[in-house]
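Participant: 3D model of this:
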Amino acid sequence: MAAAPEHDLVVNLGDIVGYGASPNEVIDRSRTLGKIFVRGNHDKAVTGLVDLDDFNPMAAAAAIWTRDELTAENLEWLRSLPHGPVSLPEFPDVQLVHGSPMDEDEYVVSLGDALAPLITLTVPLTFFGHTHMQGGFFANGAAADGFRPEYRTVGQPESVALQLKPAARYLINPGSVGQPRDGDWRAAFALFDTEAQIVHFHRTPYNLKAAQDRIFTAKLPPRLATRLAAGR
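Facilitator: Next up is the predicted model:
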């Protein structure tokens with residue numbers, strides 16, 4: 001949070017819990033930062049809203065561990081998170097989802113995945129999560145493409161700005177704070193300047209070793225710790 005520029009509102013696009021070893025602390029911190037949330041598939045799995053048969057063994061083991069670790073209050077709070085899309089009354093041109101506007105559990109990874117929601121969207125700007133990959137997709141008339149922020153370093157705080165075009169529709173993933181999977185180990189988030197219509201993508205280093213040590217100490221699958229260093 002120290003790396004975040006001045007802001008008025010914090011939104012969370014889901015998977016508040018899942019792979020890390022501090023689920024209660026993460027929930028407590030998230031709840032103090034803001035009140036706008038969308039549930040993620042890991043949030044649903046931990047609270048029993050979906051069957052763990054759809055998860056790989058490592059993710060299922062982490063979900064069971066997290067379920068046992070959470071306080072009763074945090075478990076109930078997690079269970080009550082809203083299904084996306086979530087609208088922002090003060091910003092009618094923006095909506096929030098976890099996976100896709102068409103399916104909260106759908107992965108939008110490629111342009112092919114993005115085309116259907118981009119074509120059918122009536123809201124110009126959708127922020128989504130789920131993939132842990134910072135970037136997004138846009139459609140402008142007959143043209144459509146994907147984009148990823150290009151950073152110059154791998155170890156310093158950085159930001160990349162994206163100016164939104166008035167006639168275009170966007171699906172934008174701000175990235176994952178806790179478990180990025182786009183090859184960059186740094187925590188990822190984005191700041192949306194609603195007046196200038198600019199999305200600022202951010203990456204910032206964090207105490208990687210401490211996060212890994214907590215995962216090892218909790219006896220979660222070791223791969224959840226080691227892959228943090230590669231952003232995978």
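Participant: C-alpha only now, for contacts and for neighbours.
Facilitator: Fine.
Participant: which helix runs longest in this structure?
Facilitator: helix 57-69 (DSSP state H).
Participant: report all helices and strands that it contacts.
Facilitator: helix 23-33, helix 41-46 (3 or more CA pairs under 8 Å, 6 or more residues apart in numbering; DSSP states H and E).
Participant: please identify the deepest-packed of those.
Facilitator: Among the helices and strands packed on helix 57-69, helix 41-46 has the highest mean neighbour count (mean count of other CA atoms under 10 Å), at a mean of 24.
Participant: tell me, what residue is most central in this structure?
Facilitator: With distances taken as CA atoms, centre = their mean, the residue of the chain nearest its centroid is Gly129 (3.7 Å).
Participant: can you give me the helices in this protein?
Facilitator: Ranges of helices in the chain, per DSSP H, are 23-33, 41-46, 57-69, 72-79, 111-120, 208-217, 223-226.
Participant: among those helices, which is the most enclosed?
Facilitator: Compared across these, helix 41-46 shows the largest average neighbour count, a mean of 24 (mean count of other CA under 10 Å).
Participant: by contact count, what packs against that helix?
Facilitator: helix 57-69, helix 72-79.
Participant: work out the gap between it and the centre of the chain.
Facilitator: Here helix 41-46 is found 13 Å from its chain centre; the criterion is CA atoms, centre = their mean, to the nearest Å.
Participant: how about Ile172, what does it touch?
Facilitator: 125-128, 134-137 (CA atoms under 8 Å, 6 or more residues apart in numbering).
Participant: dump the longest helix of the chain to CSV, restricted to CA.
Facilitator: C-alpha atoms of helix 57-69 as CSV (Å, rounded to 0.1, in the frame of the first residue of the first chain):
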residue,chain,number,x,y,z
PRO,A,57,-4.6,-31.2,-6.0
MET,A,58,-2.3,-28.3,-4.9
ALA,A,59,-5.1,-25.8,-5.0
ALA,A,60,-7.5,-28.1,-3.3
ALA,A,61,-5.0,-28.8,-0.5
ALA,A,62,-4.5,-25.0,0.0
ALA,A,63,-8.3,-24.5,0.1
ILE,A,64,-8.8,-27.1,2.8
TRP,A,65,-5.9,-25.7,4.9
THR,A,66,-7.3,-22.2,4.5
ARG,A,67,-10.8,-23.3,5.5
ASP,A,68,-9.5,-24.8,8.7
GLU,A,69,-7.3,-21.7,9.4
